[in-house]
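# no FASTA, just this:
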């Protein structure tokens, strides 16, 4: 074997990020973390293919992954190198077992409303928090996301556990006063309390849907002529 044939390429062992890598990693950073089935839904492929993509990201040092909740699939989150590749404005998320199931639920709602139904453009909670941090005045409750639709801004709230009833009413009142509409996605056991809070809203602009969402119960975007 010649000396030249033994010479390694200068980029041997390195990983080059594609435009798709950067876009997907950016969305991971927005949502704190994604599960493997959610990554599969984003790329329109099988969970097996999503796992292979996750493994490539891990080898490149762009992502971490692990099981964060018994009832949820493995999650994927960004490392510092992944943040740089994505050019994300958000710092790396430190895995939090207590928030994992809620993060998973919010992302499923986002994928349904923004990607599947095309109801509007999503602004993530991390972006909302940055924006509010730059503003002066009283800190308001921040929704899990804001969906900017043709009819205005819709605050999105995902409730999986029952909060103090007084706190729920306070959040509903604050959100109802701030946004054109508020959509709650809640576990069935929480829905009666939320609907009571919605009925007490002065603006009558709060709707409560079940979680997991039922697509047929949600509005559809207007059909193009």
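Perfect, I can see it now. Only a predicted model underlies this, so the values are computations on that prediction, with no experimental measurement involved. Numbers count the residues shown, from 1 in each chain.

# if I read this right, residue 157 contacts residue 143, doesn't it?
Yes. Taking CB atoms under 8 Å as the definition, residue 157 is a contact partner of residue 143 at 5.5 Å. Heads up, the C-betas are built off the backbone N, CA and C, glycines and all.

# Show me the common contact partners of these two, please.
Both residue 157 and residue 143 are contacted by 175, 182, under the criterion CB atoms under 8 Å, 6 or more residues apart in numbering.

# Is there a neighbour count for residue 20? I'd like the number.
Around residue 20 there are 11 other residues, counting by other CB atoms under 10 Å.

# Could you check how far the residue lying closest to it once chain neighbours are set aside is from residue 21?
Spatially, and ignoring its direct neighbours in sequence, residue 20 is nearest to residue 43 (8.0 Å; CB to CB, 6 or more residues apart in numbering). According to CB to CB, to the nearest Å, residue 43 stands 11 Å off from residue 21.

# Equivalent analysis for residue 104, please.
22 Å.

# got it, and residue 52?
For residue 52, the distance to residue 21 (CB to CB) stands at 13 Å.

# Show me what the longest strand along the chain is packed against.
When the chain is parsed with DSSP state E, its longest strand is strand 152-159. Packing partners of strand 152-159 (3 or more CB pairs under 8 Å, 6 or more residues apart in numbering; DSSP states H and E): helix 100-110, strand 145-149, helix 165-178, strand 181-186.

# Based on its surroundings, how many neighbours for residue 122?
21.

# SS state for it?
For residue 122, the assignment made with DSSP: H, G, I helix; E, B strand; the rest coil gives strand.

# Can you give me every residue that contacts it?
By CB under 8 Å, 6+ apart, the neighbours of residue 122 are 110, 113-114, 145-148.

# which residue sits closest to it in space, ignoring its chain neighbours?
Using CB to CB, 6+ apart, the nearest residue to residue 122 is residue 114, at 4.4 Å.

# could you point out which element follows the helix or strand of the chain with the lowest mean pLDDT?
Ranked by mean pLDDT, DSSP states H and E, the weakest helix or strand in the chain is helix 3-6, scoring a mean of 42. The C-terminal neighbour of helix 3-6 among helices and strands, as given by DSSP states H and E, is helix 19-30.

# Output the contacting helices and strands for the helix or strand just after that next one.
Using DSSP H and E, the helix or strand that follows helix 19-30 towards the C-terminus is strand 34-35. Secondary-structure packing of strand 34-35 (3+ CB pairs under 8 Å, 6+ apart): strand 75-78, helix 100-110.

# Residues contacting strand 34-35, please?
Counting by CB under 8 Å, 6+ apart, 27-28, 42, 72-77, 104, 107 sit against strand 34-35.

# Sheet-wise, list the partners of that strand with their directions.
Its sheet considered, strand 34-35 pairs with strand 75-78 (antiparallel) by DSSP bridges.

# what's next to the partner strand, contact-wise?
In this structure, residues lying in contact with strand 75-78 by CB under 8 Å, 6+ apart are 25, 28-29, 32-36, 39, 54, 57, 62-68, 86, 88, 92-93, 95, 100, 103-104.

# can the helices and strands packed on strand 34-35 go into JSON lines with extra columns for mean neighbour count and mean pLDDT?
As requested, the helices and strands packed on strand 34-35 are arranged in JSON lines below (neighbours: other CB atoms under 10 Å; pLDDT from 0 to 100):
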{"stretch": "strand 75-78", "mean neighbour count": "25", "mean pLDDT": "98"}
{"stretch": "helix 100-110", "mean neighbour count": "22", "mean pLDDT": "98"}
